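**Q** Quick one: sequence and predicted model below, then my questions.
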Amino acid sequence: MTQAPAHPSTAARQADASSSTRHRWLPVNWEGLLYRGGVAIRALTAIVGGYLLSALIAAVMSLYLPTDRLEASLTGTMVAVAVYPCVAMWMFAVRSAGRAVAGLLLPCAVLGAVVLVHFYWGAAA
């Protein structure tokens with residue numbers, strides 16, 4: 001004795017849901033490749049971008065904290081060690097890989113500009 005589906009349109013809804021999540025412009029079995037590519041981009045961004053952001057945070061803090069140089073660089077390094085895993089977790093929490101990359105480029109650009117301004121114009125003054 002076979003059981004009938006709970007609702008006659010259950011199979012139709014499942015078929016519609018699976019076809020609507022697939023990108024129409026891709027061949028049939030490419031969703032896995034897109035997923036893996038997104039994960040690879042996020043992982044590479046988390047590794048390289050997280051290191052870059054951590055290094056820039058440590059540099060800016062060591063330059064601008066109002067303490068002596070040793071204490072400022074130690075504080076900047078400790079903060080950078082805490083920032084790096086947060087960036088890695090944030091890369092995989094964002095909705096898309098593009099948003100993750102864009103969200104990391106903005107603070108890196110600002111902090112990089114601060115470091116460049118300090119070394120090109122701040123050191124001479």
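**A** Received, thanks. Numbering: from 1, shown residues only.
**Q** Which strand or helix spans residue 66?
**A** No secondary structure element spans residue 66, as it lies outside all helices and strands (assigned by DSSP states H and E).
**Q** Can you name every helix or strand that the helix or strand hosting residue 98 contacts?
**A** Under the assignment given by DSSP H and E, the secondary-structure element containing residue 98 is helix 97-117. Helices and strands in packing contact with helix 97-117 are listed as helix 31-44, helix 50-64, helix 69-93; criterion 3 or more CB pairs under 8 Å, 6 or more residues apart in numbering; DSSP states H and E. From N, CA and C alone the C-beta is placed, and that goes for glycine too.
**Q** list the buried ones in that helix?
**A** For helix 97-117, burial by neighbour count (16 or more other CB atoms under 10 Å) applies to 97, 100-101, 104, 107, 111-112, 114.
**Q** any idea how far the residue nearest in space to the middle of the chain lies from residue 81?
**A** Closest to where the C-alpha atoms of the chain average out (CA atoms, centre = their mean) is residue 91, at 2.7 Å. Residue 91 is 17 Å from residue 81, where distance means CB to CB, to the nearest Å.
**Q** same check, this time on residue 34
**A** Counting by CB to CB, the gap between residue 34 and residue 81 amounts to 34 Å.
**Q** Kindly report the same for residue 102.
**A** Here residue 102 is placed at a distance of 25 Å from residue 81 (CB to CB).
**Q** For the protein, give me the ranges with low pLDDT.
**A** Counting by pLDDT under 70, the chain has low-confidence residues at 1-28, 123-125.
**Q** tally of neighbours for residue 39?
**A** For residue 39, the neighbour count with other CB atoms under 10 Å is 12.
**Q** for the closest residue to residue 83 other than its chain neighbours, what are its contacts?
**A** Spatially, and ignoring its direct neighbours in sequence, residue 83 is nearest to residue 54 (5.1 Å; CB to CB, 6 or more residues apart in numbering). Each residue near residue 54 by CB atoms under 8 Å, 6 or more residues apart in numbering is listed here: 80-81, 83-84, 87.
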